[in-house]
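Asks: below is the sequence, then the predicted model.
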Amino acid sequence: MRYEAQGIVSLELVPLPPATRLPAFSAGAHIDLHLPTPKGELIRSYSLLNDPRETQRYRLGINRDAKSRGGSSHVHEQLRVGDKLAISAPRNHFPLDESAPHNVFIAGGIGITPMLSMIARSQALGTPWTLYYSARTRAHAGFLDWLESAAGSQGGRVVLNFDQEPGGRMLDLAAIVAALPTGAHVYCCGPIPMLEAYEKATAGLPAERVHMEYFAAKEAPATDGGFSVELARSHKTLQIPAGKTILDCLIEINAEPPYSCREGVCGTCEVKVLEGQPDHRDLVLSDSERAANDRMMVCCSGARSARLVLDL
Ligand code: FES
């Protein structure tokens, strides 16, 4: 564990002997940590920040969330060097398009973590990159030494912005987007107001060049109820009442898939849809994945049809 900035620690996870390697990951991937707290196990997703060529370790950066529901405060207060943790295999909902001629990264606060691994990958590919990194103050911005040396070694560019320092202001996303190098792909991860401004600023760009990752829900979960869910493998049928999500009802009968954020941002609870039309509320699936109607996040999404059949 390492202190990185005010409120941010990084963790380095290594496999327990005799293993020496962890599953390979791609830039932008995340893993789930299974945190054993006195109130039971919490599962929380965090981006991997190290170079994807490193499979002897995973590195994560964890911000102590002021509104922590127990995950980040457990890491900051209880977790100690040498502790053993169970983790999931890496998954990636925020992949780097490796064909881009230039990558532009926009990070707010702890949203820097997936960008670090993407920058390492850009360097390995020889793709020029620019990072706009906004934090409240310099003391809140982690990983600056690494960023400076990465930028210095291969001609990447880092633009820092501290919005709560005297004279500070929010990043001007419209200006950044207007000045994008030709054909550049742009990536953003940060707090919701930043992502909303980013979506607005990039509305005129081709969708395949615009990438973003939310780490908190934007929409309320679907809790209107009034539909049925058939579980194809266990041959059970549930009526989803108002006030509950599909996941709530699955937990009640011990038929739940693995889950973590319960907000539609981590992708852990993804389930195959065999019939019916989901009402997607997650931030994981792309528009085309949503339209395919073949999978859904049961923690937050509901149904547009009277009946859903799930592969559970
Ligand atoms: S639990 Fe994270 S998307 Fe459903």
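Replies: Thanks, I have the structure now. Numbering: from 1, shown residues only.
Asks: quick check: phi and psi on the residue of the chain most remote from its centre?
Replies: Here the chain has its C-alpha centre computed as a mean, and the residue farthest from that point, by Cα atoms, centre = their mean, is H235 with 33.1 Å. Note on H235: backbone dihedrals following degrees, to the nearest 10 are phi 50, psi 50.
Asks: any idea how far it is from L310?
Replies: With distances defined as Cβ to Cβ, to the nearest Å, the gap from H235 to L310 amounts to 12 Å. Every C-beta, even on glycine, is put in place using the N, C-alpha and C of the backbone.
Asks: all helices for the stretch 201-312 of the chain, in order.
Replies: Residue ranges of the helices in the stretch 201-312 of the chain, as given by DSSP state H, counting those that start in this stretch, are 246-252, 287-292.
Asks: is the first one in proximity to the ligand?
Replies: This points to helix 246-252. No. Helix 246-252 is not in contact with the ligand by Cβ under 6 Å from any ligand atom; minimum separation 7.0 Å.
Asks: can I get the CA coordinates of that helix in PDB?
Replies: Backbone C-alpha positions of helix 246-252 (Å, rounded to 0.1, in the frame of the first residue of the first chain) are rendered in PDB as follows:
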ATOM      1  CA  ILE A 246     -34.600  -7.800 -10.400                       C
ATOM      2  CA  LEU A 247     -31.400  -8.300  -8.300                       C
ATOM      3  CA  ASP A 248     -33.300  -7.700  -5.000                       C
ATOM      4  CA  CYS A 249     -35.800 -10.400  -6.000                       C
ATOM      5  CA  LEU A 250     -33.000 -12.800  -7.100                       C
ATOM      6  CA  ILE A 251     -31.200 -12.300  -3.700                       C
ATOM      7  CA  GLU A 252     -34.400 -13.200  -1.900                       C
END
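Asks: who touches it?
Replies: Surrounding helix 246-252, the residues in contact under the criterion Cβ atoms under 8 Å, 6 or more residues apart in numbering are 229, 238, 240-241, 256-257, 259, 262, 269, 298-302, 308, 312.
Asks: when you check the ligand, which of those residues turn up near it?
Replies: Here is what survives when those are matched to the ligand using Cβ under 6 Å from any ligand atom: Y259, R262, C269, C299.
Asks: which non-adjacent residue is nearest the second one?
Replies: I take that to be R262. Nearest-residue entry for R262: C299, 4.6 Å, with adjacent residues in sequence omitted and distances by Cβ to Cβ, 6 or more residues apart in numbering.
Asks: please apply the same query to the third one.
Replies: The shortest distance from C269 to any non-neighbouring residue, by Cβ to Cβ, 6+ apart, is to Y259 (4.0 Å).
Asks: list the buried residues for the lengthiest helix in the chain?
Replies: Across the chain, the longest stretch assigned as helix under DSSP state H is helix 112-125. Within helix 112-125, the residues scored as buried using 16 or more other Cβ atoms under 10 Å are I112, T113, P114, M115, L116, S117, M118, I119, A120, R121, S122, Q123.
Asks: much appreciated, bye for now.
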